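J.: Attaching a predicted model along with its sequence, questions to come.
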Amino acid sequence: MKDVPDVVVVGAGPCGSAAALNLAKHGANVTVFEEHAQIGVPSHCPGHLSINGLKQLGLLPLPAGIIENAFCGATFYSPKANAFSLRFSSPVTCTVDRVLFDQHIAELAKASGATYELESRVESLLIKEGFVKGVIINRKGRKEEVSAGIIVDAEGISSRLLRQLGLRPLDPHNLVKGAQAEVENARNLESGMVEVFLGSEYAPGFYAWVIPKGDGNAKIGLATKTGNPKELLQKFMLKHPVASGKLLKARILRTAFHPVSLGGPIPQAYSNGFLAVGDVASHVKPTTGGGVILGMTCAEIAAQVSVESLRSHDFSAGFLSLYQRRCKQALGFDMSVMLRARRMLDAMSDDKIDELIRSCTALGLDKTLLNVKNIDFQGKSLLHILRSPRTLAFLGYLFFLYLTANP
């Protein structure tokens, strides 16, 4: 390991590695500490990513074997199994093997000069005179101190380091409990379409999904605000009026359980000598729970601000607050729109959601949504299609449903 790194990154997920990659590209001496023995393991995410987002991050083309399937659209099922389909002329999303994807980003960072230390758990921060000065790591039972100018926290949703600094962590009221599985012997799946299932009986407060991989294999899952996600996933597979026809005889190959933050970015993701990126900072879409593209976008910003901090020898919270401001400039409007959409959906009963899906079909909204160019930055995409009478009619009807759900 290199002596006295400029920056220590906590966690080798895609956000941590994206930060390390961009830091190393700018000549920073960066070390990534990862508590597990293998990067990308265990995997908690189905890896359903937008192709445009990957392009904007400069990650396409990906090496062979990482992309599992590509999708031209999605079918949304209401609680009463009414369907609304959206089909683009070419693929707009893909699924990736998250283990291989995470390892690829790490290899890019290593090739640029970043150092990785596996089986090295960051136990706590080193804080001196109000500044984060490094970390204490536990390497196979042996503890040691590592000094650094800046710590980039990409530890994931646990928020241990945020709490040590007294920063407000993720709001537990905005968490949903996720369950995902990979299955074989799924039937009647359309290879190029993702399926989304709404309704409180199977996924209260969120939704369930089926993502085909091909050859009868699929990634399935759901998230819920209440109840046991494992039990709800079994119920979804066996009893849902549509999904059971596809999954009744499917065999689960592996499962994973992980909470997802839907509350938007935390109020403060910086301190003296410290930045937080990715899940720990809730860089996650409140509408869909996806966080890879937005988190890696913020990781790039964290790297840029860190490099500026190193060059100016200013590691103060005042200087590093640039990170929060730039993230807000990049994501703020979109996050605000998505948070409002999430609150509206959460307020609606199953009957109202059923009306909503039917209205999408009746208004021909699929024709308008085909003009959406970016599914990660959904606020800007909404502005792009606002001139359409169909969009205005739909938004008016959505507001009516919201008002009648909250008299």
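T.: Nice, I can see it.
J.: Give me the buried positions along the helix or strand encompassing V260.
T.: For V260, the element it lies in under DSSP states H and E is strand 251-261. Within strand 251-261, the residues scored as buried using 16 or more other C-beta atoms under 10 Å are A256, H258, P259, V260, S261. (Glycine included, C-beta is placed from N, CA and C.)
J.: can you check stretch 18-34 too?
T.: By neighbour count on 16+ other C-beta under 10 Å, the buried set for stretch 18-34 is 18-24, 26, 28-34.
J.: Could you do stretch 167-186 as well?
T.: Quick answer for stretch 167-186 (16+ other C-beta under 10 Å): 167, 169-170, 174-183, 186.
J.: Now that A106 has come up, it's in contact with L118, right?
T.: No: A106 is beyond contact range of L118, at 10.0 Å (criterion: C-beta atoms under 8 Å).
J.: shared neighbours of the two, anything?
T.: Shared contacts of A106 and L118, defined by C-beta atoms under 8 Å, 6 or more residues apart in numbering, are found at A12, I39.
J.: Between the two, point out the one with more neighbours.
T.: Just comparing A106 and L118: by other C-beta atoms under 10 Å the higher neighbour count belongs to A106, 25 against 15.
J.: Mind picking the two most distant members of the buried residues of stretch 167-186?
T.: Greatest spacing in the buried residues of stretch 167-186, by C-beta to C-beta: L167 and A186 (42.6 Å).
J.: Quick one: residues contacting the residue of the chain positioned farthest from its centre.
T.: The centre of the chain is farthest from one residue, E129, which by C-alpha atoms, centre = their mean lies 34.6 Å away. E129 is in contact with no residue at all, counting by C-beta under 8 Å, 6+ apart.
J.: any idea how this protein splits into domains?
T.: Per automatic domain parsing, the domain ranges recorded for the chain read 7-45+99-171+265-338, 174-261, 347-405.
J.: which one of those is the most hemmed in?
T.: Of these, the one with the most neighbours on average (mean count of other C-beta atoms under 10 Å) is domain 7-45+99-171+265-338, at a mean of 21.
J.: What average pLDDT does the helix or strand where S336 lies get?
T.: Using DSSP H and E, S336 sits in helix 317-347. Here helix 317-347 scores 94 as its mean pLDDT.
J.: same thing with stretch 160-172?
T.: Rounded mean pLDDT across stretch 160-172 is 94.
J.: can you check stretch 193-212 too?
T.: Mean predicted confidence for stretch 193-212 is 97.
J.: residues in contact with the nearest residue to R139 once chain neighbours are set aside?
T.: Nearest residue to R139, sequence neighbours excluded (C-beta to C-beta, 6 or more residues apart in numbering): S120, at 4.7 Å. Going by C-beta under 8 Å, 6+ apart, S120 touches F33, E34, E35, I137, N138, R139.
J.: got it, and V10?
T.: Neighbouring residues of V10 by C-beta under 8 Å, 6+ apart: G16, F33, V122, V135, I151, V152, D153, A154, E155, L161.
J.: Turn the residues you listed into CSV, including distance to V99.
T.: Putting those into CSV (distance: C-beta to C-beta, whole Å) gives the following:
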residue, distance to V99
G16, 15
F33, 19
V122, 22
V135, 25
I151, 26
V152, 22
D153, 22
A154, 17
E155, 19
L161, 25
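J.: Any regions of the protein where pLDDT drops low?
T.: Within the chain, the stretches with pLDDT under 70 are 1-3, 368-374, 378-379, 381-407.
J.: For the residue nearest the centre of it, which non-adjacent residue is closest in space?
T.: For the chain, G291 is the residue whose C-alpha lies nearest the centre (C-alpha atoms, centre = their mean; 1.5 Å). The spatial neighbour of G291 that comes closest, neighbours along the chain excluded (C-beta to C-beta, 6+ apart), is V284 at 3.7 Å.
J.: contacting residues for that neighbour?
T.: V260, S261, L262, G290, G291, L294, G295.
J.: just the helices in the protein please.
T.: For the chain, applying DSSP state H gives helices covering 14-25, 51-56, 98-111, 160-165, 229-239, 244-247, 292-312, 317-347, 350-362, 365-369, 378-385, 389-405.
J.: What about the contacts of V10, which are in strands?
T.: The strands, defined by DSSP state E, take in F33, V122, V135, I151, V152, D153 from the contacts of V10.
J.: before we move on, the earlier item: going by distance to F315, which of the buried residues of stretch 18-34 wins?
T.: A28 (13.0 Å).
J.: returning to what we had before: ok, the contacts of S120 vs M338, which is closest?
T.: For the contacts of S120, the nearest to M338 is E34 (30.0 Å; C-beta to C-beta).
J.: Just give the closest residue to the closest one, not the sequence neighbours.
T.: In space, and not counting its chain neighbours, E34 is closest to A12: 3.7 Å by C-beta to C-beta, 6+ apart.
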